[in-house]
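Q: what's the 3D shape of this:
(chains A and B)
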Amino acid sequence: MNLTLKIWRQKNNGSNGHFENYQVEAEEHMSFLEMLDVLNQQLIEKKQDPVAFEHDCREGICGACSMVINGRPHGSQTGTTACQLHMRAFKTGDTITIEPFRANAFPVIKDLAVDRSSFDAIMQAGGYISVNTGQAVDGNAIPVEKADADEAFDSATCIGCGACVAACPNGSAMLFTSAKINHLSKLPQGQVEHSRRVKNMVRVMDKEGFGKCSNVGACEVDCPKEISTDNIAALNRYYLGSVLFGQD
Amino acid sequence: MRWLIDFLTSSIGKKLIMSLTGLFLCSFLVIHLIGNLQLFIPDGGEKFNVYAKFMTSNPLIKFISVGLYAGILLHAIQGILIWMENKKAKGSTYAVNTYDNGSWMSKNMGLLGTLILFFLCVHMGDFWFKTKFTDQIPMVTYDGVEMKDLYTQVYTSFSKLWIVIVYLIGLVALALHLLHGFESAFTTLGIRHKKYTPLIKLSGIAFSITIPLLYALIPLWVLVKNAANY
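A: The predicted model follows:
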């Protein structure tokens, strides 16, 4: 299949970016990233600068791939990362526009690669539990209500790719932050640091320059792991509770 | 008090202010509407005028009205600040814009709010300002008590087509603003559960359509009545 790619090229964060058009010959069995590999091979052979894009596992679980395909983070296929999007979703002759994730807290490093270390900062502020080292605890030693375990697991499927921020018209990271908090808050192990975690992660989320949630719901639609905005409502509840009734 | 400042200036705290002031203003919409529906009583405006005098002279109502003005200002100013901060947080937008995800209203609350604020200025200028600071409102006497004839002022105002159009635009903006805002306010408060969220959604839709529609009946009714008199 013959495709025209309209790709955002930007040398570095300091420079202005622009779109460039490329022609590529792809097969429908290729993943979207493999199609970009073909393009980059062409560019390298022509001694041109290949398109920078992030990727790692290419199995849809690492959250590294980050690009907006025809206006949608990870493309328009529901519940799919860009690496799991296949070229059979397109047809020959299509023009595909590829842009980096846009948000002030995700500055462009080069082309389609953005700096998502603001997510790391949020995680460092409380996205963990403190446990003693030593022998691993028996898996069933701490009873967990089935419904809570299910909900915690749903939240834990967040791969931290940042599609929620990219999809949000406000550049808000509420879906990511709330999923990370809810994942731990639904489990007994998460209770110890709950109040501090909620306050610290929200504080760092604000400090990193993310926008405020307007309950638009675009994040949920474009999330490759289909994380629910119920997490956001839960975080609002936890935050109010932590401020009013938390220890510190 | 450091914690309180931190809380109120946090992203969630700011949204909470929007939510609480928004719900407070919703309660005002109901009270104001109940009062205004007395315009439909065919008694030449006596009930409405007596009610209006009570509302402008009762000390408790005066005290609450200060809270109301503060609520409107807080909601408007905070809303504008959030809109500006969110615009900055998004930075640049996409060349291809297909985020059709999320309702149009949810992405244009600032625009709708501005339209409502513009309507409020016209509305307050026409009634509140004229009543408080000018002698333009005619006087009327019931049982020896002299009072401002706001009933007649309503008819004078709504005889102007442009005023009616401004009201209708304001009320359509209000309906759209509420269609997102009502449910969103509850989500911001963390009140969301599969048990009662469908009920909140349904009440939100019913509230957002019924209240502005009943308000809109007043200028339309006067317009039709005036036209019939000619």
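
Q: got phi/psi on residue 5?
A: In the absence of a named chain, chain A is used. Per-residue torsions, A:Leu5: phi -110, psi 130 (degrees, to the nearest 10).

Q: tell me where chain B is predicted with low confidence.
A: B:99-100, B:230 (pLDDT under 70).

Q: identify the residues contacting the closest residue to chain A within chain B.
A: Minimum separation of chain B from chain A (Cβ to the nearest Cβ) falls at B:Gly190, amounting to 2.7 Å. Backbone N, C-alpha and C define where each C-beta goes, glycine included. By Cβ atoms under 8 Å, 6 or more residues apart in numbering or on different chains, the residues touching B:Gly190 are A:233-240.

Q: doesn't it belong to a helix?
A: No. Counting by DSSP: H, G, I helix; E, B strand; the rest coil, B:Gly190 is not part of a helix but coil.

Q: for chain A, what are the nearby residues on chain B?
A: B:3, B:6-7, B:10-16, B:82, B:85-86, B:88-99, B:101-103, B:106-107, B:109, B:180, B:183-184, B:187-192 (Cβ under 8 Å from any Cβ of the partner chain).

Q: so of these, which ones are in helices?
A: B:3, B:6-7, B:11-16, B:82, B:85-86, B:88-90, B:106-107, B:109, B:180, B:183-184, B:187-188 (DSSP state H).

Q: now these: which count as buried?
A: B:7, B:11-16, B:82, B:85-86, B:89-90, B:106-107, B:109, B:180, B:183-184, B:187-188 (16 or more other Cβ atoms under 10 Å in any protein chain shown).

Q: where exactly do the strands run in chain A?
A: Listed in chain order, the strands of chain A (DSSP state E) span A:2-9, A:18-25, A:68-69, A:72-73, A:95-99, A:108-110, A:113-114.

Q: deepest of the ones you listed, which one?
A: strand A:72-73 (a mean of 26; mean count of other Cβ atoms under 10 Å in any protein chain shown).

Q: who are the packing partners of the helix or strand containing B:Ser19?
A: Counting by DSSP states H and E, the element that carries B:Ser19 is helix B:11-36. Applying 3 or more Cβ pairs under 8 Å, 6 or more residues apart in numbering or on different chains; DSSP states H and E, we find helix B:11-36 packed against helix A:194-207, helix A:230-245, helix B:2-9, helix B:46-57, helix B:59-90, helix B:161-188, helix B:197-229.

Q: how near is whichever residue of chain A sits closest to chain B to B:His75?
A: Residue nearest to chain B within chain A: A:Arg237 (2.7 Å; Cβ to the nearest Cβ). Using Cβ to Cβ, to the nearest Å, A:Arg237 is found at 22 Å from B:His75.

Q: neighbour-wise, which of these two wins?
A: Applying other Cβ atoms under 10 Å in any protein chain shown to A:Arg237 and B:His75 shows that B:His75 carries more neighbours, namely 22 against 18.

Q: so that one touches B:Ser19, yeah?
A: No. With contacts counted by Cβ atoms under 8 Å, B:His75 stays clear of B:Ser19, the gap being 9.8 Å.

Q: any common contacting residues for those two?
A: Common neighbours of B:His75 and B:Ser19 (Cβ under 8 Å, 6+ apart) do not exist.

Q: check contacts around the most centrally placed residue in chain B.
A: Nearest to the mean C-alpha position of chain B, by Cα atoms, centre = their mean, lies B:Leu29 at 5.9 Å. B:Leu29 sits next to B:Ile211 when contact means Cβ under 8 Å, 6+ apart.

Q: if we use 10 Å, what do you get?
A: B:174, B:178, B:207, B:211-212, B:214-215 (Cβ atoms under 10 Å, 6 or more residues apart in numbering or on different chains).

Q: most surrounded residue in the residues you listed?
A: That'd be B:Leu178 among those, by other Cβ under 10 Å, with 26 neighbours.

Q: which residues sit in contact with the nearest residue to that residue once chain neighbours are set aside?
A: In space, and not counting its chain neighbours, B:Leu178 is closest to B:Ser208: 3.6 Å by Cβ to Cβ, 6 or more residues apart in numbering or on different chains. Residues in contact with B:Ser208, defined by Cβ under 10 Å, 6+ apart, are B:26, B:105, B:174-183.

Q: backbone dihedrals for A:Asn13, please?
A: Torsion angles, degrees, to the nearest 10, at A:Asn13: phi -60, psi -30.

Q: so which residue is smack in the middle of chain A?
A: Centre-nearest of chain A using Cα atoms, centre = their mean is A:Cys161, 1.9 Å out.

Q: ok, the residue nearest to B:Gly110 when sequence neighbours are not counted - contacts?
A: Leaving aside its chain neighbours, B:Gly110 sits nearest to B:Trp83 (3.9 Å; criterion: Cβ to Cβ, 6+ apart). Shown in contact with B:Trp83 (Cβ under 10 Å, 6+ apart): A:170, A:211-212, A:214, B:109-111, B:113-114.

Q: and those residues, which two are the farthest apart?
A: The most widely separated members of the contacts of B:Trp83 are A:Gly211 and B:Thr114, with 18.9 Å between them, by Cβ to Cβ.

Q: neighbour count: the two, which is higher?
A: More neighbours surround A:Gly211 than the other of A:Gly211 and B:Thr114, with 27 against 16 (other Cβ under 10 Å).

Q: phi and psi next, for the residue of chain B closest to chain A.
A: Per degrees, to the nearest 10, the backbone of B:Gly190 is at phi 80, psi 10.

Q: now do the domain split for chain A, please.
A: Using automatic domain parsing, the domain parsing of chain A gives A:2-109, A:117-245.

Q: most tightly surrounded among the ones you listed?
A: When the domains of chain A are compared using mean count of other Cβ under 10 Å, domain A:117-245 is most buried, at a mean of 20.

Q: now it, how far from the chain's geometric center?
A: Averaged C-alpha coordinates place domain A:117-245 at 13 Å from its chain's average position (Cα atoms, centre = their mean, to the nearest Å).
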